[in-house]
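Student: Fold the stuff below for me.
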Amino acid sequence: MLYKDYIMTAIVSIWLILCSWQDIRKKKIQLALIGAGFLCIMAYSFWAGGITIWNRAAGLSLGVLLLILNPITRGQIGIGDGLIVSIIGIGLGFHRLAFILVYGLFGAAIVSIGLIMFRKVNRKVTIPFIPFLLLGYLGGLIS
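Tutor: Just a heads-up that it's a prediction; the model follows:
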């Protein structure tokens, strides 16, 4: 791993930790935090290079897909989730984002099934998704 990769890892990790904390506490993420993450990740990723514009566009498309699913799911998938996935997609590219999403969705599914099985929640309860993206990101770093 190059030093540029370590810096990007630190930026994305800190940003996702802050977003996760807000998502858990308030089930909302401040637009200012999303904007700050966007500026930091975009500026650094374009400076560091290594990702093609097509890879960034494909990553962005996954976030846009989540934004499109927001009204279809009646808000079950939050706009903040879509924006954060879009930013990660532009900053890290399609392939890394795809792994993060797979890990995050798998983790969220396991926790949701467990909560429903133990009757802690019903199907209508929403759980914060950004913490699972953080776990997916950190899991992708380990594997």
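Student: Okay, and the closest residue to L83 other than its chain neighbours sits in which element?
Tutor: Once flanking residues are discounted, L83 sits nearest to I34: 5.4 Å by CB to CB, 6 or more residues apart in numbering. The way it works is simple: take the backbone N, C-alpha and C, and place the C-beta from them, glycine included. According to DSSP states H and E, I34 maps onto helix 31-48.
Student: can you pull out the helices in the chain?
Tutor: For the chain, the helices defined by DSSP state H cover 3-26, 31-48, 53-72, 79-92, 94-117, 130-142.
Student: from the ones you listed, which stretch is densest packed?
Tutor: Using mean count of other CB atoms under 10 Å, the stretch among these with the largest mean neighbour count is helix 79-92, at a mean of 24.
Student: got the angle for it vs helix 53-72?
Tutor: For the pair helix 79-92 and helix 53-72, the angle between their directions (axes from the mean of the first three to the mean of the last three CA atoms, to 10 degrees) equals 170 degrees.
Student: And for helix 79-92, what's in contact with it?
Tutor: When contacts are defined by CB atoms under 8 Å, 6 or more residues apart in numbering, helix 79-92 is touched by residues 8, 12, 16, 19, 23, 28-29, 34, 37-38, 41-42, 44-45, 51, 56, 58-67, 69-70, 96-97, 100-101, 129-130, 133, 137.
Student: and it, C-alpha only, in CSV?
Tutor: This file holds the C-alpha atoms of helix 79-92, laid out as CSV (Å, rounded to 0.1, in the frame of the first residue of the first chain):
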residue,chain,number,x,y,z
ILE,A,79,-31.1,10.0,0.9
GLY,A,80,-28.1,10.3,3.1
ASP,A,81,-27.2,6.7,2.4
GLY,A,82,-27.4,7.4,-1.3
LEU,A,83,-25.3,10.5,-1.1
ILE,A,84,-22.6,8.8,1.0
VAL,A,85,-22.5,5.8,-1.3
SER,A,86,-22.2,8.2,-4.3
ILE,A,87,-19.3,10.0,-2.7
ILE,A,88,-17.5,6.8,-1.8
GLY,A,89,-18.1,5.5,-5.4
ILE,A,90,-16.6,8.6,-6.9
GLY,A,91,-13.6,8.6,-4.5
LEU,A,92,-12.8,4.9,-4.4
